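> Okay, predicted coordinates and the sequence, questions at the end:
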Amino acid sequence: MKKIIFILSICSSFGFSALPPLYQNSKEIKKILNDNRLYKKLGSDQTIENITKSEKGWIITTPKYTLKIDVEYLPKSKILGPVDFKLHFQEVIKN
């Protein structure tokens, strides 16, 4: 009986959690960098100097512009894996 409880506690602690923050963050950054809205807002001639985590999502900084991207986390539809999310690109701010 003790073995069953031990196995169930291990399964529940690993099987029902989202990805660790590093993996979730990298998934969000990859999605931002692959989104056409980034290039439409900043222009393809810009060089990304900085990507910073903010309270609501991410801030992308180039020599000329700053762009805030809010991340909206969606209700979890699956037990394992990353949390699904939507990206909301804000208006570009000139530096």
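Perfect, I can see it now. Keep in mind it's a predicted model, so treat the numbers as computed, not measured.

> Residue 82 touches residue 21, doesn't it?
No: at 10.8 Å, residue 82 does not count as touching residue 21 under the criterion of Cβ atoms under 8 Å. No exception for glycine: its C-beta is placed from N, CA and C like everyone else's.

> okay but residue 46 is in contact with residue 66, surely?
No: look at residue 46 against residue 66 with Cβ under 8 Å: they stay out of range, at 11.0 Å.

> More neighbours: which of residue 82 and residue 21?
Neighbour tally, residue 82 and residue 21, criterion other Cβ atoms under 10 Å: the higher count belongs to residue 82, 15 against 9.

> The more buried one: what's it in contact with?
When contacts are counted by Cβ atoms under 8 Å, 6 or more residues apart in numbering, residue 82 is found next to 18-19, 23-24, 27.

> May I see the PyMOL selection of the buried members of the residues you listed?
Here is the PyMOL command that picks out the buried ones among the contacts of residue 82, judged by 16 or more other Cβ atoms under 10 Å:
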select buried, resi 24+27
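
> Tell me which of the contacts of residue 82 fall in helices.
Helix and strand membership here follows DSSP state H; of the contacts of residue 82, those in helices are 23-24, 27.

> Can I get stretch 40-60 as CSV, trimmed to CA atoms?
Taking Å, rounded to 0.1, in the frame of the first residue of the first chain, the C-alpha atoms of stretch 40-60 are listed here in CSV:
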residue,chain,number,x,y,z
LYS,A,40,5.3,44.8,-39.8
LYS,A,41,5.5,46.9,-36.6
LEU,A,42,9.3,47.3,-36.4
GLY,A,43,10.4,46.9,-40.0
SER,A,44,12.8,44.4,-41.3
ASP,A,45,15.7,46.8,-41.2
GLN,A,46,15.7,46.9,-37.4
THR,A,47,18.2,45.0,-35.2
ILE,A,48,16.8,43.6,-31.9
GLU,A,49,19.0,44.8,-29.1
ASN,A,50,17.1,43.5,-26.1
ILE,A,51,14.2,41.2,-25.2
THR,A,52,13.0,41.7,-21.7
LYS,A,53,10.3,40.0,-19.6
SER,A,54,7.7,42.4,-18.3
GLU,A,55,4.7,42.1,-16.0
LYS,A,56,2.3,41.5,-18.9
GLY,A,57,4.6,39.8,-21.4
TRP,A,58,7.7,41.0,-23.3
ILE,A,59,9.4,44.2,-24.4
ILE,A,60,11.5,44.2,-27.6
